[in-house]
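Student: sequence first, predicted coordinates after that:
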Amino acid sequence: MTGPALTDQPQPHAGPNEGADVRLRLVRLKTRQEFLAVAGARRKFTTPGLMLQAMARPDSDAAAARVGFTASRKVGNAVTRNRAKRRLRALAAEVIGNRAFGATDYVLVCRQETAVRPYGDLRRDLEQALARLKLLKGVRP
């Protein structure tokens with residue numbers, strides 16, 4: 001007789017994303033206290049299209065990042081503020097979800113330019129802000 005079958009031996013688990021970059025799960029910041037905590041960390045970078053504030057959370061899940069969006073009345077009327085926040089939400093899903101570090105809280109603050117700035121320029125603004133704060137993973141191919 002031979003030894004036990006291969007299926008009887010414990011096998012290492014190889015997930016479908018093994019070796020590939022895993023996309024971050026984005027969770028929304030909602031309360032004023034959460035936004036104030038990120039602002040209190042005093043870690044920010046401002047570009048023409050947006051301001052990025054960040055705060056590391058070493059006790060949280062490295063596969064998730066919390067993201068908040070804000071636009072003051074200086075940005076414009078309600079329609080303009082909502083458009084600017086929609087653009088930043090799409091940008092966060094694209095850039096932060098794929099290229100930023102987890103276990104971090106991010107707040108994206110709209111500026112007057114956010115609603116009218118070309119999307120490619122906004123993407124470069126966010127990538128530049130992440131890079132300056134040392135929160136950008138790897139180099140884009």
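Tutor: Structure's in. What do you need? Numbering: from 1, shown residues only.
Student: who does Asp105 bridge with?
Tutor: Legend: beta-bridge partners of Asp105 under DSSP bridges are Met55, Arg66.
Student: quick one, phi psi at Arg25?
Tutor: phi -90, psi 120 (degrees, to the nearest 10).
Student: could you do Leu52 as well?
Tutor: Here is the backbone geometry of Leu52 (degrees, to the nearest 10): phi -110, psi 130.
Student: right, and it touches Leu126 too?
Tutor: Yes - Leu52 is within contact range of Leu126, at 6.7 Å (criterion: CB atoms under 8 Å). In this view, the C-beta of every residue, glycine as well, is placed from N, C-alpha and C.
Student: which neighbours do these two share?
Tutor: Taking CB atoms under 8 Å, 6 or more residues apart in numbering as the criterion, Leu52 and Leu126 both touch Leu108.
Student: got the buried residues for the lowest-mean-pLDDT helix or strand in the chain?
Tutor: Averaged element by element with mean pLDDT, DSSP states H and E, the chain has its least confident helix or strand at helix 97-99 (a mean of 92). For helix 97-99, the neighbour count (16 or more other CB atoms under 10 Å) marks Arg99 as buried.
Student: repeat for stretch 132-141
Tutor: 133, 135-136.
Student: swap in stretch 82-93?
Tutor: By 16+ other CB under 10 Å, the buried positions in stretch 82-93 come out as 83-85, 87-88, 91-92.
Student: between the residues you listed, which is closest to Leu108?
Tutor: Nearest to Leu108 among the buried residues of stretch 82-93, counting by CB to CB, is Leu88 at 4.6 Å.
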